[in-house]
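1. Fold the following.
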Amino acid sequence: MYYPAYRPRRLRKNASFRRMIRETKLSVDDLVYPLFVTSGRNVKKPINSMPGNFQMSVDHLVKEVQKTKDLGIPAVLLFGIPEKKDEVGSGAFADDGIIQQATRKIKEKVSDIIVICDLCLCEYTSHGHCGTIKDNDVDNDATLEILVETALSQAKAGADMVAPSGMMDGGVGAIREALDEEGYDALPIMAYSAKYASCFYGPFREAAEGAPQFGDRKSYQMDPANSDEAIREITLDVEEGADIIMVKPALPYLDIIYRAKEEFDLPIAAYNVSGEFAMIKAAANLGWLDEEKAMMEALLSIKRSGADIIITYFARDAAKLIV
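-> As a prediction, this is how the structure comes out:
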């Protein structure tokens with residue numbers, strides 16, 4: 001098909017034509033809203049680098065979850081900020097841990113919304129790393145034991161899904177085996193399968209108070225230069241029993257999302273992370289971008305690349321615009 005016989009502009013000439021042939025559509029069903037829960041009562045502390053987001057006590061969190069559900073968003077992803085931290089991150093698996101408290105209260109007060117619990121230790125450890133430290137490095141296999149204990153505590157609290165995010169080798173398999181043995185064989189795992197060592201996590205580390213106190217996470221998170229390695233990582237998680245696989249961050253890694261969608265027959269989640277959110281917010285605040293248009297274009301690009309699920313701090317704003 002060549003000009004002049006074929007004129008692509010024929011089908012772009014008005015909004016109705018463009019809507020009729022639109023290839024990719026964003027739905028509220030695609031969205032997951034991340035929330036940060038902390039101890040205390042009547043706490044709603046703004047996160048400076050993430051305008052419109054807060055560290056919230058459970059009482060406020062429940063209200064925000066209800067608002068999220070009322071917008072039609074099917075799921076929330078919970079991150080906990082404990083009252084105390086220690087070397088092993090014991091707050092992550094405590095029966096009265098902040099995530100466990102929040103999960104129970106949400107399940108009691110809000111019906112028909114999926115509660116996904118992030119399953120990592122960086123928010124709970126005094127050193128800010130995602131596992132047990134030995135010889136100044138994260139001990140992978142010792143960390144698995146704590147991740148298993150945390151997964152079971154979240155399951156007992158009523159989590160609808162657990163989401164291991166620490167990139168520990170064998171983590172998904174260890175969690176799947178433990179959940180099955182304890183009767184939680186119906187509980188799905190959303191694995192942070194290709195999680196890159198990215199600078200775009202900066203605002204999140206303020207929000208979750210989980211920045212490393214020494215070194216960095218490059219020994220367990222992926223090198224941003226690598227694509228084939230992502231496929232190997234995802235393959236491992238699929239073989240170990242992941243139900244949903246995730247690429248994180250989203251916008252700098254659309255090629256990875258696309259490859260994952262092409263190569264794996266599982267739902268693909270993409271995390272539109274804090275830095276991606278903050279960039280649009282900051283540019284809009286300076287008058288350099290139209291916030292709504294930039295937000296929707298970014299989310300649409302993630303969907304177009306192959307994501308079935310988009311975890312985003314824009315979820316509620318986007319839900320109000322999606323028709």
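2. Show the subsequent helix or strand relative to the helix or strand hosting Arg19.
-> Assigned by DSSP states H and E, Arg19 belongs to helix 15-20. Going down the chain from helix 15-20, the next helix or strand is strand 31-38, by DSSP H and E.
3. Please name every helix or strand in contact with that following strand.
-> strand 54-56, helix 58-70, strand 75-81, helix 98-109, strand 309-312, helix 315-321 (3 or more Cβ pairs under 8 Å, 6 or more residues apart in numbering; DSSP states H and E). Using the backbone N, CA and C atoms, a C-beta is placed for each residue, glycine as well.
4. which of these is buried the deepest?
-> Comparing these by mean neighbour count (mean count of other Cβ atoms under 10 Å), strand 309-312 ranks first with a mean of 24.
5. For stretch 182-191, list the C-alpha coordinates in PDB.
-> Extracted C-alpha coordinates of stretch 182-191, given in PDB (Å, rounded to 0.1, in the frame of the first residue of the first chain):
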ATOM      1  CA  GLU A 182       0.900 -24.800  54.900                       C
ATOM      2  CA  GLY A 183      -2.300 -25.100  52.900                       C
ATOM      3  CA  TYR A 184      -2.000 -21.800  50.900                       C
ATOM      4  CA  ASP A 185      -1.700 -23.500  47.600                       C
ATOM      5  CA  ALA A 186      -4.300 -21.100  46.100                       C
ATOM      6  CA  LEU A 187      -2.400 -18.000  47.100                       C
ATOM      7  CA  PRO A 188      -0.700 -16.500  44.000                       C
ATOM      8  CA  ILE A 189       2.800 -15.100  43.800                       C
ATOM      9  CA  MET A 190       3.600 -11.900  41.800                       C
ATOM     10  CA  ALA A 191       7.400 -12.100  41.300                       C
END
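6. Output the contacting helices and strands for the worst-scoring helix or strand of the chain on mean pLDDT.
-> Every helix and strand of the chain was ranked by mean pLDDT, DSSP states H and E. The lowest is helix 202-208, at a mean of 77. On a contact count with 3+ Cβ pairs under 8 Å, 6+ apart, helix 202-208 meets strand 75-81, helix 274-285.
7. Can you lay out the helices and strands packed on strand 31-38 as TSV showing mean pLDDT and distance to Glu149?
-> Shown next, in TSV, are the helices and strands packed on strand 31-38 (pLDDT from 0 to 100; distance: least, Cβ to Cβ, whole Å):
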stretch	mean pLDDT	distance to Glu149
strand 54-56	96	25
helix 58-70	98	22
strand 75-81	96	15
helix 98-109	97	12
strand 309-312	98	25
helix 315-321	98	30
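8. Quick one: these as CSV, columns for distance to Glu229 too.
-> Output for the helices and strands packed on strand 31-38, formatted as CSV (distance: least, Cβ to Cβ, whole Å):
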stretch, distance to Glu229
strand 54-56, 34
helix 58-70, 34
strand 75-81, 25
helix 98-109, 30
strand 309-312, 22
helix 315-321, 29
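9. re the thing from before, let me know which of the helices and strands packed on helix 202-208 is the nearest to Phe17.
-> Closest to Phe17 of those is helix 274-285 (Cβ to Cβ; 28.7 Å).
10. Which elements pack onto the next helix or strand after that closest one?
-> Next along the chain after helix 274-285, taking DSSP H and E as the criterion, comes helix 291-305. Judged by 3+ Cβ pairs under 8 Å, 6+ apart, the packing partners of helix 291-305 are helix 254-263, strand 268-272, helix 274-285, strand 309-312, helix 315-321.
11. residues making contact with the third one?
-> Spelled out, it's helix 274-285. 49-52, 198-204, 207, 249-251, 289-291, 294-295, 298, 312-314 (Cβ atoms under 8 Å, 6 or more residues apart in numbering).
12. try it again with 6 Å
-> The contact list for helix 274-285, computed with Cβ atoms under 6 Å, 6 or more residues apart in numbering, reads 49-51, 200, 202-204, 251, 289, 291, 294-295, 313.
13. With just CA atoms, put stretch 313-323 into CSV.
-> Extracted in CSV, the C-alpha atoms of stretch 313-323 (Å, rounded to 0.1, in the frame of the first residue of the first chain):
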residue,chain,number,x,y,z
TYR,A,313,1.1,5.9,41.8
PHE,A,314,-1.0,7.5,39.0
ALA,A,315,-3.7,4.8,39.3
ARG,A,316,-6.4,6.9,41.0
ASP,A,317,-5.8,9.9,38.8
ALA,A,318,-5.8,7.7,35.7
ALA,A,319,-9.0,5.9,36.8
LYS,A,320,-10.8,9.2,36.9
LEU,A,321,-10.0,9.8,33.2
ILE,A,322,-10.4,6.4,31.7
VAL,A,323,-13.8,5.9,30.0
